[in-house]
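S.K.: Everything below, folded, please.
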Amino acid sequence: MLTISRLAAYAGVTVRAVRHYHRIGLLPEPARDRSGYRTYDAVAVVRLIRIRTLADAGVPLARVQELLDAGTKEFAGGVQEIDKALRAEIRRLQDTRGRLARLAAGEHLALPQSVVDYLDRLRGLGVEERYIEMERDAWIMIAAQVPHSIDAVIAKKHEELDDPDTVRLYSLLSGALDWPADDPRIVEVADIMERLMVRAMEAGEVGADDGIDDQFVDLLDSAMVESSPHAARLLAILEERGWKGWTRIERVPADRLNTEPPPS
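M.R.: Down below sits the predicted model:
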């Protein structure tokens, strides 16, 4: 007969594990002998080794009892079920590791892959990192508001980057952070912005439901104005020409188009 410590040693587990298996009912706990000790026989050793083998194979302890008592067919079916669950867990953990790896890059935090790819494309065009960081923060807010349509929005942004005016606009805005307050290039920025807005109006891309409310539009506009000392001047130039709105165009000068934009 064996003491609990010898039982544990023969089965390759700890005494603490043996006691835990007693508590959860996997290993019967023998009565004490006349000396007050619990002693174990070979049957207990074999059962404990089987418990350890199943546990080491990844079988949840909640299912070990079921497999210990199962016949050959039931045992095979149970193992297959556990294997299926483990493979699903492995996929989940791999996805988690992938997300953690992407988070290490910084931009993947709170941003879908489509936006990250778009920002990378801007880098490829030579846009400065300082400007990309400002745009990234705006996209974080937008993606949180319209998560189901953000990929379509970004697809449209990619199309716009095929327009030389858009590329020139990004080139100017990227360097504008270091411009003097009276830099004349802000007028060129306004000219490009106006051409792009006219095209958007003529294509019917303004006035449709964008999925964001007026308060959020105001938030984005405020963030834009605060991001650069030239933003307020740019908006002022556009308003002098009859335009109003940045994130959402609210007014179009009558002499630019034959029709007014649909009400927002």
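
S.K.: Return the helix or strand in this structure with minimum mean pLDDT.
M.R.: None of the helices or strands of the chain scores lower by mean pLDDT, DSSP states H and E than helix 72-103, at a mean of 83.

S.K.: Tell me the buried residues in that one?
M.R.: Residues of helix 72-103 classed as buried by neighbour count (16 or more other Cβ atoms under 10 Å): 78-79, 82. In this view, the C-beta of every residue, glycine as well, is placed from N, C-alpha and C.

S.K.: Export these as JSON lines, with columns for distance to residue 15.
M.R.: Below are those laid out as JSON lines (distance: Cβ to Cβ, whole Å):
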{"residue": "78", "distance to residue 15": "29"}
{"residue": "79", "distance to residue 15": "29"}
{"residue": "82", "distance to residue 15": "27"}
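
S.K.: just those now: which is nearest residue 134?
M.R.: Nearest to residue 134 out of these is residue 82 (Cβ to Cβ; 50.3 Å).

S.K.: what kind of secondary structure is the closest residue to that closest one other than its chain neighbours in?
M.R.: With sequence-adjacent residues excluded and distances taken as Cβ to Cβ, 6 or more residues apart in numbering, residue 82 is closest to residue 59, at 5.6 Å. State at residue 59, reduced to three classes by DSSP: H, G, I helix; E, B strand; the rest coil: coil.

S.K.: what's the spacing between residue 59 and residue 16?
M.R.: Applying Cβ to Cβ, to the nearest Å, the value for residue 59 to residue 16 is 19 Å.

S.K.: Kindly report the same for residue 158.
M.R.: Taking Cβ to Cβ, one finds residue 158 at 59 Å from residue 16.

S.K.: who's more crowded, these two?
M.R.: Using other Cβ atoms under 10 Å as the criterion, residue 158 and residue 16 rank with residue 158 on top: 12 against 9.

S.K.: Contacts for the one helix or strand that one maps to, please.
M.R.: In the assignment (DSSP states H and E), residue 158 maps to helix 150-160. Residues outside helix 150-160 that contact it (Cβ atoms under 8 Å, 6 or more residues apart in numbering) are 112, 114-115, 117-118, 121, 142-143, 146, 166, 196, 205.

S.K.: Whatever helix or strand comes next after it packs against which elements?
M.R.: Under the assignment DSSP H and E, the closest C-terminal helix or strand after helix 150-160 is helix 164-175. Applying 3 or more Cβ pairs under 8 Å, 6 or more residues apart in numbering; DSSP states H and E, we find helix 164-175 packed against helix 129-145, helix 185-202.

S.K.: All good on my end, thank you.
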